[in-house]
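Participant: Pasting the sequence and the predicted coordinates here, then a few questions.
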Amino acid sequence: MNSTNSDDRDARIRREASAWLARLNSGDCSTDDRAGFEAWLAMDTRHADAFRRAERLWRELAGLGELARPQLKQAQAVYRRARRKRRWPMAGLAAAALLAGVLIVNPPIWQWLTAERFTTGKGERETVTLSDGSSIELNTDTAIRVNYSARARRVWLERGEAWFSVAHNNLTRFEVRVGEGWIEDIGTQFNVRRDPANVDVAVQEGEVAVKVATNPEVLHLTAGQQTNFDRQGHAAPVRAGDLAAIAAWRGGVLVLKNLTLADVARELERYHAVSIEIADADLRQLSVSGRFPTDNLPLALNTIATALPVRIAHLDGNRIGILARR
């Protein structure tokens, strides 16, 4: 078999794999559909590998949220419409084309998929030095993707917290994409933290522009300022920020000011593989301030027990209880 025929065969298998993926995720996949899929897998050992690749692409695109969701929904809808008209071949090809087209009509998706990924575990910190001299410090339990192109230096903060020290470049902008917003840097140092509900941005020096998908207004932050936005893209007004406290994690310290004990427990859980349980509602609302090491959980807990009317109980496994002092 010559290389042209081999390429054609591989392309056909990729299309079929994408079509089967759209069919199985269409929302009305039948028992006969699943039987047909199993038969297709059994026809050729290369089918299973192609399907795994298509499935991984689909899963990663779904993880991009609003960036790729319209294309995935469109691929599913095309299949459902054609299936009702009993036009399965057309449905499969259309769904496969749409899935492949995501990478063509949405360059950021391709950049995200081809970006280099860096991660830290709980309690770990790591510094990534980029080719232009910029650096990114990753805090505990953090994941980023980095993609450089001729037009942009782009970072996706998938979870956690990172400190950015950006080398200025008039020709190539530096962007951090996170949730429903993105931060464009103009040669500066800034911190970005992504929690389940909010994204916090604070600037040490220089200036950044903060944009969110649902708001045409651009927020400009300069040295000593911070803002945050939620999962819906609603941004808080720019305000003064305590950068020394925000950046203290870079030195292995948590600086906490007037947080509830429940919030402090969640902060400690970010750095340690434990579950801290506070059953008493009154204890959960106790106010806590102080400096705590990020790498010494017993010391942090003992400090809390000394300052508050609580005691620490080590439960089974990795569970820790904070109880009222007897």
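Facilitator: Received, thanks.

Participant: where along the stretch 201-326 of the chain do the helices fall?
Facilitator: 243-246, 261-271, 281-284, 297-307 (DSSP state H, counting those that start in this stretch).

Participant: Next, the buried residues of the first one.
Facilitator: This means helix 243-246. With burial defined by 16 or more other Cβ atoms under 10 Å, the residues of helix 243-246 counted as buried are Leu243, Ile246. All C-beta spots, glycine's among them, are computed from the backbone N, C-alpha and C.

Participant: Take it, keep the C-alpha atoms, and write them as CSV.
Facilitator: Included here for helix 243-246 are C-alpha records, laid out as CSV according to Å, rounded to 0.1, in the frame of the first residue of the first chain:
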residue,chain,number,x,y,z
LEU,A,243,0.7,43.0,48.2
ALA,A,244,3.0,42.0,51.0
ALA,A,245,0.4,39.7,52.4
ILE,A,246,-0.8,38.4,49.1
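
Participant: which other residues reach that helix?
Facilitator: In this structure, residues lying in contact with helix 243-246 by Cβ atoms under 8 Å, 6 or more residues apart in numbering are Asn191, Asp200, Ala202, Val203, Gln204, Gly224, Gln226, Val255, Lys257.

Participant: picking that back up, can I get the helices of the stretch 201-326 of the chain in a markdown table with distance to Ser30 and mean pLDDT?
Facilitator: Putting the helices of the stretch 201-326 of the chain into a markdown table (distance: least, Cβ to Cβ, whole Å; pLDDT from 0 to 100) gives the following:
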| stretch | distance to Ser30 | mean pLDDT |
| --- | --- | --- |
| helix 243-246 | 54 | 95 |
| helix 261-271 | 44 | 97 |
| helix 281-284 | 49 | 96 |
| helix 297-307 | 52 | 95 |
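
Participant: Out of those, flag the one nearest Arg52.
Facilitator: When the helices of the stretch 201-326 of the chain are ranked by proximity to Arg52, the top entry is helix 261-271, at 33.1 Å, counting by Cβ to Cβ.

Participant: roughly how far out does the closest one sit from the chain middle?
Facilitator: The offset between the C-alpha centroid of helix 261-271 and the centroid of the whole chain comes to 20 Å, using Cα atoms, centre = their mean, to the nearest Å.

Participant: And for stretch 257-272?
Facilitator: When C-alpha coordinates are averaged (Cα atoms, centre = their mean), stretch 257-272 and its chain have centres 21 Å apart.

Participant: How about residues contacting that stretch?
Facilitator: Under the contact criterion Cβ under 8 Å, 6+ apart, stretch 257-272 has outside partners 122-123, 140-141, 242, 245, 254, 256, 274-276, 278, 283-289, 292, 294-295, 297, 300-301, 304, 308, 310, 322.

Participant: re the thing from before, any chance of the contacts of helix 243-246 in CSV, with neighbour count, distance to Trp182 and pLDDT too?
Facilitator: As requested, those are exported to CSV (neighbours: other Cβ atoms under 10 Å; distance: Cβ to Cβ, whole Å; pLDDT from 0 to 100):
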residue, neighbour count, distance to Trp182, pLDDT
Asn191, 22, 15, 97
Asp200, 17, 14, 96
Ala202, 26, 16, 97
Val203, 27, 15, 97
Gln204, 18, 19, 95
Gly224, 14, 22, 95
Gln226, 20, 16, 96
Val255, 16, 27, 96
Lys257, 10, 28, 93
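
Participant: Could you work out the most separated pair of these?
Facilitator: Put simply, by Cβ to Cβ the two of these set farthest apart are Val203 and Lys257, 19.2 Å from each other.

Participant: the helices in the stretch 51-200 of the chain, which residues?
Facilitator: Using DSSP H, counting those that start in this stretch, the helices assigned to the stretch 51-200 of the chain run over residues 69-84, 88-105, 107-113.

Participant: Can you flag the weakest of these by average pLDDT?
Facilitator: Within the helices of the stretch 51-200 of the chain, the stretch with the lowest mean pLDDT is helix 88-105, showing a mean of 49.

Participant: quick one: low-confidence ranges for this structure?
Facilitator: Low-confidence segments of the chain, defined by pLDDT under 70, are located at 1-7, 26-28, 56-114, 149-150.

Participant: quick revisit: out of the helices of the stretch 201-326 of the chain, which is closest to Ala235?
Facilitator: For Ala235, the closest of the helices of the stretch 201-326 of the chain is helix 243-246, at 17.6 Å, according to Cβ to Cβ.

Participant: so what's the nearest residue to Val176 once chain neighbours are set aside up against?
Facilitator: By the measure of Cβ to Cβ, 6 or more residues apart in numbering, the closest residue to Val176 outside its immediate chain neighbours is Ile183, 4.4 Å from it. By Cβ under 8 Å, 6+ apart, Ile183 lies in contact with Glu175, Val176, Phe190, Val192, Val201, Val208, Ala209, Val210, Lys211.
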